[in-house]
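Peer 1: Predicted model and sequence follow; I will ask about them next.
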Amino acid sequence: MAPGLQLLFASVAQEISVPQDALICFVHWELVSQGYECLGAGDRPVSDETKSELLPPGWNANKELYTLRYRSVDDTSEILLKAIMVESSIIINAMDPKLEQVVDLTLDVADYIDGDNLKNFHRVFRKSEDLSQQLLTTIISPFTSRKSKAEKASVKREIPSDYDPLRIPPRNSEPSRQPNRINPLGPFAAGGSDLDPFGGRSGGMIVDPLRSGFPRSGFDPSTGIPGRLPPGSVPPGARFDPFGPPGSRVAGPDPDHLPPPGYDDMFM
């Protein structure tokens, strides 16, 4: 049995006159045990009401309809509790006035209250554990679980005190990436950067022999090509497509090779 129930029962024992009074006393203390306090009796709040663990004045003025208002200790949830007697049963209805969330539970009063021992705390309540479990599962948990979900949703991610959203993170903080090594013999090596501009490739649609990926010799076109290209003709670092092996003679026929018939006839 919930600790503190005996003290509450003793404070209202003189007011308990019917079995449902004792049952409402038990329901009230279950709510208090789960972090709620009573604001008062009736549907409408009053100006000077304060939260309390005790049952308010006039809580059992109507033996057929009990109306009590509760608010959680942290002020995040409210419950309007109504208990209606229907013959030998009591229908407990609980609602959150803000969200209009409603739950209810029907109990046979005689199953949980000994009407012959209304003044005896140790004998008035029957099957206390079962009653407590039903109240927790059906009446209280729908409101407390919703509050727990809201609290989890409102938890903010911890941010370092020196965090600056405008600061560009250093390069070493970025995850390391393996460079994309392009196979120069692949069918899509030429023009790869144009086809995939974000792939980290170099080179465009123009095939650059000096940047194709093949091993390069020590040839520097800016020094010129003896007999064909004077030094300085190609700026240092410029893209250059060599037109023959360095040091080789220009291939092809001599300009005077195989002249047309009569080429030396001045009247032709």
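Peer 2: Cool, got the structure.

Peer 1: show me where pLDDT drops low in the stretch 1-150 of the chain?
Peer 2: Of all residues in the stretch 1-150 of the chain, those with pLDDT under 70 make up the ranges 1-2, 146-150.

Peer 1: what are the ranges of the strands in the stretch 1-150 of the chain?
Peer 2: Defined through DSSP state E, counting those that start in this stretch, the strands belonging to the stretch 1-150 of the chain, from first to last, are 36-41, 65-72, 78-86, 89-96, 101-108.

Peer 1: and of those, who's closest to Cys25?
Peer 2: Closest to Cys25 of the strands of the stretch 1-150 of the chain is strand 65-72 (CB to CB; 10.3 Å). All C-beta atoms are positioned from the backbone trio N, CA, C, and that covers glycine.

Peer 1: still on that earlier bit, can you redo the strands of the stretch 1-150 of the chain as TSV with distance to Ser52 and mean neighbour count?
Peer 2: Conversion of those to TSV gives the following (distance: least, CB to CB, whole Å; neighbours: other CB atoms under 10 Å):
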stretch	distance to Ser52	mean neighbour count
strand 36-41	6	20
strand 65-72	10	19
strand 78-86	15	18
strand 89-96	19	18
strand 101-108	24	14
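
Peer 1: how about those strands in TSV, adding distance to Gly58?
Peer 2: Output for the strands of the stretch 1-150 of the chain, formatted as TSV (distance: least, CB to CB, whole Å):
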stretch	distance to Gly58
strand 36-41	5
strand 65-72	10
strand 78-86	14
strand 89-96	19
strand 101-108	23
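
Peer 1: Quick check, Tyr66 in contact with Lys82.
Peer 2: Yes. With contact defined as CB atoms under 8 Å, Tyr66 and Lys82 form a contacting pair (6.8 Å).

Peer 1: burial measure for Trp59, as a count.
Peer 2: Trp59 is surrounded by 21 other residues when neighbours are defined as other CB atoms under 10 Å.

Peer 1: And for the one 4 residues further on?
Peer 2: Lys63 is flanked by 12 other residues according to other CB under 10 Å.
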